[in-house]
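Undergrad: Any chance you can model this:
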Amino acid sequence: MSIPQSGGGLIEDHSQLAGYLESGCKPKEDWRIGTEHEKFGYCYAKMLPLPYEGACSIHAMLTGLSERFGWDPVLEGGNIIGLVKDGANISLEPGGQLELSGGPLETIHQTCDEVNNHLAEVKEIADEIGAGFIGLGAAPVWTHEQMPLMPKGRYKLMNRYMEQVGTHGTQMMRRTCTVQVNLDFASEADMVQKFRVALALQPLATALFANSPFFEGKPNDHLSWRSRIWRDLDPDRTGMLPFVFEDGMGFERYVDYALDVPMYFVYRDGVYIDALGMSFRDFLKGELPALPGEKPTLSDWADHLTTIFPEARIKKYMEMRGADGGPWRRLCALPAFWVGLMYEQGALDAAWDVAKGWNAEQREQLRIDASVKGLKAEIAGRSLHDIAREVLGIAKEGLATRARPGAGGLIADETHFLNALHETVETGQTPADELLAHYHGDWNGDLSRIYKEYSY
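TA: Below is the predicted model:
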């Protein structure tokens, strides 16, 4: 989850809302890659989630990372709830999931180095306090009651609201993890094309990275239970956004959508003020019940944009949000996949050619089927496995065209970061399929084996 936004003065004109999004436009030479990933922490002694306080805890983890590796603490109400350093931040998801939001980097070589360094630091502190971390899309065994709610004002408000809308909101908050990549756009037209490709192919990412076939100690009949949870979370702020594919799509159209999403909060002087279900349109008129007479700032608008959760979304950049958390090597495959498709025009055009004939109903059905069947899903008479092979080829060509070398020039480009996905396509087996094979095979139904064999 995002940390509170800052900066930006009073919103005096409606055009500032779209202007805020448009201000993210950058020339290609300034495009960057920001990778985010979440992971579950647990105490070895009892194989239970990390509490906030104690010898084996979230507090001990954050304090250890801060003191040993130079991260600056972020405090809320006297509690350490995050860390910042060099343009990156470490934050807490509602159930204590630890998230790295990486800095804006030029190449996947750099972002993978960042991920590797972060996980090495986390493992060093975790080993000392008796903790472990694992990358999965959903908590495989732990119940809602076993996942503590972190001491953040934002989460207390969200938790109460999630209990009133949808059916899976509190499951999302406490018991899911994802990996995502944030990418730039050059112009409004570039944003629109990338947004359409991102949404249309997000189910493919869900299938390729599917890694949550268990929930509450047993198989759940889905390869990505995380994706299933998001389908019934809150219809006002999730989904595949059919309007993005309609004529007239642009920054202003996204603003109209965002203004219709009910608010969660307003952040003032370190306090989250309850604005649950209220309208940002009323806020613009100075008629917000939570703050009568007060009008919003651009940082309020930025905060509101972080409370919208479609399969892909825009702020001053675009976020690809459809993949389960996973093993170490796949954390670098996700940015490689999307950078390969998005950062060279030829690849972007080819990716759009794959999906441009699909309609809204087909895209929504693929979203469902990908979470259940993975690569065995179909759309428009084609298997997702076949589409994966084609799209992965496009991504590889895009990375080869980018030709960003690594390891001091010893590695010619970034294409090798796709190797884990090539293996998935060659075998037809997603990470979830592999986990189920273990569960029904050598694990003999003992799901506790997942921690020892799949932790970082």
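
Undergrad: What strand or helix carries the closest residue to residue 363 other than its chain neighbours?
TA: Once flanking residues are discounted, residue 363 sits nearest to residue 240: 5.4 Å by CB to CB, 6 or more residues apart in numbering. In short, each C-beta sits where N, CA and C put it, glycine included. Under DSSP states H and E, no helix or strand contains residue 240.

Undergrad: Run a quick neighbour tally on residue 240.
TA: Residue 240 has 18 neighbouring residues, counting by other CB atoms under 10 Å.

Undergrad: do the same with residue 361
TA: Neighbour tally, residue 361, other CB under 10 Å: 9.

Undergrad: what residues does the one helix or strand it maps to touch?
TA: Assessed by DSSP H and E, residue 361 sits inside helix 360-373. Helix 360-373 is touched from outside by 199-200, 202-204, 206-207, 210, 221-225, 227-228, 231, 239-240, 242, 245, 311, 358, 377-380, 384, with contacts defined as CB atoms under 8 Å, 6 or more residues apart in numbering.

Undergrad: Average the pLDDT values over the helix or strand following it and round to the nearest integer.
TA: Using DSSP H and E, the helix or strand that follows helix 360-373 in sequence is strand 378-379. Averaging pLDDT along strand 378-379 gives 98.

Undergrad: Which element is encountered next along the chain beyond strand 378-379?
TA: Counting by DSSP H and E, what follows strand 378-379 is strand 382-383.

Undergrad: In stretch 81-101, which residues are buried?
TA: For stretch 81-101, the neighbour count (16 or more other CB atoms under 10 Å) marks 81-84, 88-101 as buried.

Undergrad: Mind checking which of the residues you listed are in helices?
TA: Members of these lying in helices (criterion: DSSP state H): none.

Undergrad: Those residues in strands, which ones?
TA: 81-84, 88-92, 98-101 (DSSP state E).

Undergrad: For residue 403, state which of the residues you listed is nearest.
TA: residue 88 (26.1 Å; CB to CB).

Undergrad: ok, that closest one - contacts?
TA: Here residue 88 is in contact with 100, 101, 102, 103, 114 (criterion: CB under 8 Å, 6+ apart).

Undergrad: Would you map the strands across the stretch 301-450 of the chain?
TA: Taking DSSP state E, counting those that start in this stretch as the test, the strands found in the stretch 301-450 of the chain are 312-314, 318-324, 378-379, 382-383.

Undergrad: burial count for residue 230?
TA: When neighbours are defined as other CB under 10 Å, residue 230 has 27 of them.

Undergrad: how many neighbours does the nearest residue to it once chain neighbours are set aside have?
TA: Among residues not flanking residue 230 along the chain, residue 238 sits closest, at 5.7 Å (CB to CB, 6+ apart). Close neighbours of residue 238, defined as other CB under 10 Å, add up to 20.

Undergrad: Against residue 34, how distant is residue 238?
TA: In this view, residue 238 and residue 34 are 22 Å apart by CB to CB, to the nearest Å.

Undergrad: ranges for the strands of the stretch 101-250 of the chain?
TA: Applying DSSP E, counting those that start in this stretch to the stretch 101-250 of the chain gives strands spanning 131-134, 178-183, 214-215, 218-219.

Undergrad: In CSV, list the ones you listed along with mean pLDDT and mean neighbour count.
TA: As requested, those are arranged in CSV below (pLDDT from 0 to 100; neighbours: other CB atoms under 10 Å):
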stretch, mean pLDDT, mean neighbour count
strand 131-134, 98, 22
strand 178-183, 98, 24
strand 214-215, 97, 24
strand 218-219, 98, 16
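
Undergrad: Ok, which of these comes nearest residue 333?
TA: Across the strands of the stretch 101-250 of the chain, residue 333 has its closest neighbour in strand 178-183 (9.0 Å, CB to CB).

Undergrad: Can you name every helix or strand that the closest one contacts?
TA: Where contact means 3 or more CB pairs under 8 Å, 6 or more residues apart in numbering; DSSP states H and E, strand 178-183 is packed against strand 33-43, strand 318-324, helix 330-342.

Undergrad: got a markdown table for the ones you listed, with mean neighbour count and mean pLDDT too?
TA: A markdown table is the format used below for those (neighbours: other CB atoms under 10 Å; pLDDT from 0 to 100):
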| stretch | mean neighbour count | mean pLDDT |
| --- | --- | --- |
| strand 33-43 | 24 | 97 |
| strand 318-324 | 26 | 97 |
| helix 330-342 | 28 | 97 |
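
Undergrad: Mind checking the ones you listed for the one nearest to residue 391?
TA: helix 330-342 (7.1 Å).

Undergrad: C-alpha coordinates for that closest one, PDB please?
TA: Coordinates of each C-alpha in helix 330-342 appear next as PDB, following Å, rounded to 0.1, in the frame of the first residue of the first chain:
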ATOM      1  CA  ARG A 330      10.300 -14.500 -10.800                       C
ATOM      2  CA  LEU A 331      10.400 -11.100  -9.200                       C
ATOM      3  CA  CYS A 332      12.700  -9.900 -12.000                       C
ATOM      4  CA  ALA A 333      10.700 -11.700 -14.700                       C
ATOM      5  CA  LEU A 334       7.600  -9.500 -14.100                       C
ATOM      6  CA  PRO A 335       9.300  -6.200 -15.000                       C
ATOM      7  CA  ALA A 336      11.100  -7.900 -17.900                       C
ATOM      8  CA  PHE A 337       7.800  -9.100 -19.300                       C
ATOM      9  CA  TRP A 338       6.100  -5.700 -19.200                       C
ATOM     10  CA  VAL A 339       9.200  -3.600 -20.200                       C
ATOM     11  CA  GLY A 340       9.600  -5.900 -23.200                       C
ATOM     12  CA  LEU A 341       6.100  -5.200 -24.300                       C
ATOM     13  CA  MET A 342       5.800  -1.500 -23.400                       C
END
